[in-house]
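Engineer: Output the structure for:
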Amino acid sequence: MGTRYVLRVQADPADEPAAVAARMVALAERTGADELCVFLFGMEFNDGNEPLDRIGHWLDRTRPWRESLRSAGIAVSLNPGHTLGHCDWGRPRRDDWQPMVDQRGTAADVVVCPLDPGWRAYFAETLRRYVAEDLDAVWIEDDIRLHNHEPLDWGGCFCPLHLAEFARSCGTRATRDEVVAACTAPGPPHPWRELWLDMWERTQLELVGTWRKIAADHGVRLGLMSSTPEAHAAEGRRRPDWLPGFDLHRPHFWGYSDAGAEALPTYAALLDAQRAQQPPGLVSYPEIECWPYGQWNKSYRQTFAQMATAHILGCDGLAISLYDFLTNHPDDDPGRAAFLAEVRPALDWLADTFDTSLRTVGIGVPWSQETGRAARTGDGTKGDWRALAVPHREWAGWLGAIGHAVTLRGDAPVNAVAGESAWAYDDATVRGWLAGGLLLDGTAARVLAERGYGELIGLNGVRRLGPTDPLPVREVCEDPDFSLRVGAMISVDPHINGHPPVVTGEPVPGARVASRIVDGAGRPVGPGLVLHRNTLGGRVAVCPWPATTAVRMTPQRAAQLSAAVDWLGAGTHARVSGGPWLTPQVLTDGTRWRLVVWNSGPDEVDAVTVRLPAGMPAPAGGVQIDAHGRRRPIGYAAGALDLRRPLGQWEFAVLTAERP
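Structural biologist: Got it, this is the predicted structure:
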């Protein structure tokens with residue numbers, strides 16, 4: 001069946017509808033678009049919360065050319081440019097609605113509180129007008145979220161309406177300052193935090209439930225764009241509660257501008273996490289965003305890699321934003337249409353090769369929507385709601401950068417946990433990890449030790465080094481099995497690497513200390529990499545540094561970390577090598593296997609070795625795909641790819657196999 005192109009476009013209602021119709025039909029024909037998603041009041045055409053008469057004018061002016069598209073066999077959906085309002089952006093204020101209020105008490109000018117009854121009635125009426133049109137779908141804009149509403153500090157809403165709802169539903173009367181202080185207080189989460197997040201979640205779900213009924217009553221599908229799970233966790237959002245209320249999902253997963261080589265494994269992990277929460281039947285169109293628009297902002301090479309990643313991880317089509325909000329004519333830059341037409345055959349092939357039933361396998365990188373409720377804050381974060389948005393996918397970046405396959409689907413025999421997210425998992429889950437293979441960064445090790453698991457992770461009394469301790473700056477490798485060579489050094493200097501100081505602790509009897517941390521003069525500070533076989537039969541590797549920071553990779557760190565991960569799982573997961581930034585992805589349904597090797601690095605790679613995961617039959621060969629979407633057959637023998645040409649940046653190869 002191939003992919004589905006959904007092009008997101010906007011046209012000026014002042015333009016002659018017949019001329020717009022000709023441009024839009026021609027755009028669909030030149031790009032192979034199956035659907036045009038029409039913006040109303042997007043960005044530079046947004047003037048705040050639009051009056052109903054202006055909405056009627058836009059609908060009237062766009063209706064003729066939308067009908068022309070439908071007559072030409074092109075599906076049409078609508079994407080109003082605001083719900084609550086993305087940001088103030090200097091637009092006019094509506095004094096009759098309660099504005100959103102942030103944690104400091106600052107009120108927005110344009111961004112609205114989602115509890116305001118006047119605004120709720122207004123938006124319900126706008127939605128009734130939209131779904132009365134001849135449409136396939138209406139999208140609820142991402143600004144239905146509570147975070148990221150400039151100029152607010154983090155977001156909201158902490159207004160009098162929410163404080164009153166908190167008192168009504170929870171029986172707790174409190175000021176905004178009292179709520180924020182309690183919910184972000186250091187130590188175990190205050191009981192108010194879960195009550196407040198539950199209140200936010202319940203009232204938001206009630207709101208979107210009314211929209212769902214309006215759309216369903218008119219036979220129009222409802223779509224939702226969503227941001228990162230970590231950010232939504234800080235506002236109490238649980239995907240399994242939200243997504244069944246929608247027909248379409250547009251998950252965000254890639255940056256809007258060109259990114260460096262380190263981005264691919266983390267971006268892919270984000271989409272894998274999003275896909276893991278999508279219920280059966282939900283149509284997934286990952287967001288292919290380029291903003292500001294054009295090749296000066298994001299190369300076609302990287303844009304195609306983003307599109308390919310979306311289909312490798314299983315989706316129904318692509319929501320493509322290559323055309324600006326300014327209503328400029330598509331023919332101003334004909335290269336965009338040519339690019340979309342050029343790569344369409346490769347994307348059709350990927351869509352057919354990677355259907356939605358396949359699941360990623362590899363080193364597990366757990367993530368939880370409960371982090372906002374469970375995270376423990378520090379003294380320095382009291383009063384800042386940002387502390388509840390806890391990073392926890394970062395091991396995917398470290399491991400992907402050195403050629404190890406990861407999954408965010410759960411149920412992996414070896415898992416990697418980082419940061420304060422370790423608070424979010426119950427004891428049964430943690431003990432299950434400890435009975436298998438478990439990689440911990442220093443922060444997660446400190447959390448698990450505080451939870452009473454020191455003997456099982458191999459390190460007791462774990463604590464972060466403080467200002468009165470010697471400054472940790474170098475990690476010296478001492479174990480030949482877990483190093484590039486004995487004596488190899490790796491920087492852990494917090495001032496150079498931009499992370500908090502490493503942790504230290506006392507290795508339990510029998511634990512294997514593979515490296516040591518020293519200060520600038522070479523004086524001992526504490527153990528480095530600690531490996532331990534515990535009484536549950538599991539294997540644990542503790543790295544004393546925090547993995548929730550940017551990937552800083554060296555040959556010495558790559559060799560040490562690769563050896564540790566292979567020791568944890570006896571080398572049963574997929575691994576590729578041959579150069580920096582070679583990243584594998586493995587998907588299977590138990591019978592069909594797909595293994596992808598990406599090169600996200602700027603240097604070409606012409607020799608790639610591949611270790612197949614346990615259970616995958618040896619592939620007879622595969623396909624190499626370049627940045628133009630051109631496919632070439634390749635061979636696979638003796639654990640190596642037989643490439644027809646070097647893999648350039650953002651290019652990849654696909655191996656396929658099936659069990660008899």
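Engineer: can you pull the contacts of residue 310?
Structural biologist: 253, 271, 286, 288, 318 (CB atoms under 8 Å, 6 or more residues apart in numbering). (Glycine included, C-beta is placed from N, CA and C.)
Engineer: Just give me the residue closest to the centre of the chain.
Structural biologist: Centroid-nearest residue in the chain: residue 270, 2.8 Å away (criterion: CA atoms, centre = their mean).
Engineer: Quick check: which element contains that one?
Structural biologist: Per DSSP states H and E: residue 270 is located in helix 263-276.
Engineer: Run through the neighbouring helices and strands of that helix.
Structural biologist: Counting contacts by 3 or more CB pairs under 8 Å, 6 or more residues apart in numbering; DSSP states H and E, helix 263-276 is packed against helix 229-233, strand 248-251, helix 300-312, helix 395-401, strand 406-407, strand 582-588.
Engineer: In PDB, list the C-alpha atoms belonging to the third one.
Structural biologist: Meaning helix 300-312. C-alpha atoms of helix 300-312 as PDB (Å, rounded to 0.1, in the frame of the first residue of the first chain):
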ATOM      1  CA  TYR A 300      16.700  17.200   2.100                       C
ATOM      2  CA  ARG A 301      19.200  14.600   3.100                       C
ATOM      3  CA  GLN A 302      18.200  14.800   6.700                       C
ATOM      4  CA  THR A 303      14.600  15.300   5.900                       C
ATOM      5  CA  PHE A 304      14.500  12.000   4.000                       C
ATOM      6  CA  ALA A 305      16.300  10.300   6.900                       C
ATOM      7  CA  GLN A 306      13.500  11.600   9.200                       C
ATOM      8  CA  MET A 307      10.800  10.300   6.900                       C
ATOM      9  CA  ALA A 308      12.600   6.900   6.500                       C
ATOM     10  CA  THR A 309      13.000   6.600  10.300                       C
ATOM     11  CA  ALA A 310       9.200   7.200  10.700                       C
ATOM     12  CA  HIS A 311       8.400   4.300   8.400                       C
ATOM     13  CA  ILE A 312      11.100   2.000   9.800                       C
END
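Engineer: Let me know the next secondary structure element after that helix.
Structural biologist: Once the chain leaves helix 300-312, the next helix or strand it forms, by DSSP H and E, is strand 318-321.
Engineer: Mind listing the strands that following strand pairs with, and their directions?
Structural biologist: For strand 318-321, sheet partners with direction are given as strand 5-9 (parallel), strand 287-289 (parallel), following DSSP bridges.
Engineer: I'd like those laid out as a markdown table, including distance to residue 145, mean neighbour count and mean pLDDT.
Structural biologist: Shown next, in a markdown table, are the strands paired with strand 318-321 (distance: least, CB to CB, whole Å; neighbours: other CB atoms under 10 Å; pLDDT from 0 to 100):
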| stretch | distance to residue 145 | mean neighbour count | mean pLDDT |
| --- | --- | --- | --- |
| strand 5-9 | 19 | 25 | 97 |
| strand 287-289 | 14 | 23 | 95 |
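Engineer: would you list those strands in a markdown table and tack on distance to residue 388?
Structural biologist: Listed next are these as a markdown table, based on distance: least, CB to CB, whole Å:
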| stretch | distance to residue 388 |
| --- | --- |
| strand 5-9 | 31 |
| strand 287-289 | 24 |
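Engineer: Between those, which one is closest to residue 323.
Structural biologist: Proximity to residue 323, assessed across the strands paired with strand 318-321 by CB to CB, is greatest for strand 5-9 (5.1 Å).
Engineer: Look up how far residue 213 lies from the closest residue to residue 215 other than its chain neighbours.
Structural biologist: Of all residues not flanking residue 215 in the chain, residue 222 sits nearest, at 4.2 Å (CB to CB, 6 or more residues apart in numbering). Distance of residue 222 to residue 213, computed by CB to CB, to the nearest Å: 10 Å.
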